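Participant: dropping a prediction and its sequence here:
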Amino acid sequence: MAAAENRRCGVSSFLVFLFSFFSLCHSSFSEETFRRNLSVELNPGSPSAPSGGDLLHVRAVGVNDTLHFLFCSQGAPTLLLVHTNSSSSTVEVNWTQFEARNTSGSLKVEPENSVVYSSGLVFSRLLEYDDVNDTADPTADLFPPYQLQDFTWSRLKLSGLSALLCGAAETFTNGSLCLELSVFESGGRDHSWPRLLHTANSSQLRVWLDGVLPRATRSRFLLELRAVGDPSPLSRVEVHRSIDDEFTPSIFKVSQWVSSANGSSDVLGYLQWKPVAYRRADPALEYATPCRHSDPRPQSPEETAAASGLIRGFYGAPQTFSLNVSFGLAGEPFYNVTKFFSWTVLLGAGSPPVDSFSPLVLAVTALGLGAPTMLLLMGGVCVCVRKRATDYEPIN
């Protein structure tokens, strides 16, 4: 009885220790070690709402640096990230020149010599094709593309640290294409799938097409993205694999479109996403659909600058690469089934965040391996104790 009681006490103590240890680890991992002070301004320095579209400026100040996130709807929707080595850098806009969209330098980050990195992301075109044979091959049966610079865009709607932009083409009888920008004071994870891991050095864009009537019953869509930068644009895509799908069920990959200086392995900035989209506004596993990307290709700097007022104002005609993200594989439901898809992506400075096992997974793994081992050890101890207790000296 005493041995059994000792064994139960030993196992209980071991389990309590494991839970206490991983609770402490979870608290340590959850505690943010780096935060930025954020300020949000719509149309900075403009006396009235610009006629051509809005410009949102988010200033994220660190200890000795600043990230400037600029989101603009003048022309094709564009997100610009500028990283400076000064905690007092500012954005200056010459609105007359900026709205004219015919000269560079109308938007500056001062002091200009404080800029250490910049990268722009232009959502340039929405493409649709008729997948008659259900092959998910976007090279055939393409309809004329939707040029996003020609969309009619709404005013930016701000809500805390998020901004919503929706637009439609003239040919849309209903529905819209929407982009939601979110910025962050510290690291964490979005509450809805794909639950990308973000840091204080990143922003998140969620893109969705909702209620637009397709031009064929078997239509699928692609989104063309253009990355601009000078002198180091996003130029190569890396695909990383994992054995953990805890935060995005059934997805074991992450794609990263990265920028590096002079062929160096050091990453200056990135665009990161998981190869999954969702066919419902409320993401769920049964509505997940895979997505693929093409290889980045050089594009005309002048064409890109002409499409985006923000790129023209800040860069002029920078180096430009583009890729397409296609939604749906052969055998997957067509867009017409739900008339909705959404996709989420991060744009950030420095190295991309890396997913790791959560404390919960580590705790469950440790319990699964540690508890049986502890029971075996305690069982062995009990056997030894009982054997010693039954030993006796023979009577002569």
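Facilitator: All right, it came through fine. Since this is a predicted model, take the numbers as computed values, not measurements.
Participant: burial count for residue 291?
Facilitator: By the measure other C-beta atoms under 10 Å, the count of residues near residue 291 is 22. For every residue, glycine as well, the C-beta is placed using N, CA and C.
Participant: for it, give the beta-bridge partners.
Facilitator: Beta-bridge pairing for residue 291 (DSSP bridges): residue 327.
Participant: for it, what are its contacts?
Facilitator: Contact analysis of residue 291 by C-beta atoms under 8 Å, 6 or more residues apart in numbering lists 275, 276, 277, 325, 326, 327, 328, 343.
Participant: the first one touches residue 292, doesn't it?
Facilitator: Yes. Assessed by C-beta atoms under 8 Å, residue 275 is found in contact with residue 292 at 6.7 Å.
Participant: in terms of neighbours, single out the busier of the two.
Facilitator: Taking other C-beta under 10 Å, residue 275 and residue 292 do not tie; residue 275 has more neighbours (19 against 15).
Participant: list the contacts of that one.
Facilitator: Residue 275 makes contact with 251, 253, 255, 290, 291, 292, 293 under the criterion C-beta under 8 Å, 6+ apart.
Participant: any weak-confidence spans in this structure?
Facilitator: Low-confidence segments of the chain, defined by pLDDT under 70: 1-32, 245, 247, 250, 263, 356-375, 379-396.
Participant: looking at it, which strand is longest?
Facilitator: Longest strand of the chain, by residue count under DSSP state E: strand 115-130.
Participant: would you mind listing the buried residues in it?
Facilitator: Across strand 115-130, burial judged by 16 or more other C-beta atoms under 10 Å covers 115, 117-130.
Participant: how about stretch 40-49?
Facilitator: 40, 43, 44.
Participant: just list whatever residues bridge to the nearest residue to residue 171 once chain neighbours are set aside.
Facilitator: What sits nearest to residue 171 in space, not counting adjacent residues and going by C-beta to C-beta, 6 or more residues apart in numbering, is residue 146, at 8.0 Å. Beta-bridge partners recorded for residue 146 (DSSP bridges): residue 126.
Participant: and the longest strand of the chain, what other elements does it pack with?
Facilitator: strand 78-84, strand 146-147, strand 202-210, strand 219-229, strand 267-273, helix 301-307, helix 309-314, strand 340-349 (3 or more C-beta pairs under 8 Å, 6 or more residues apart in numbering; DSSP states H and E).
Participant: residue 240: which of these is closest?
Facilitator: Smallest distance to residue 240 across these (C-beta to C-beta): 9.6 Å, for strand 267-273.
Participant: so what touches that closest one?
Facilitator: 81, 83, 117, 119, 121, 194, 196, 202, 225, 227, 229, 232, 234, 254-261, 325, 343-353.
Participant: list only buried entries from those.
Facilitator: Applying 16+ other C-beta under 10 Å to these, the neighbour count classes 81, 83, 117, 119, 121, 194, 196, 202, 225, 227, 229, 232, 234, 254-260, 325, 343-350, 352-353 as buried.
Participant: the residue nearest to residue 171: neighbour count?
Facilitator: The tally of other residues near residue 146 (other C-beta under 10 Å) stands at 22.
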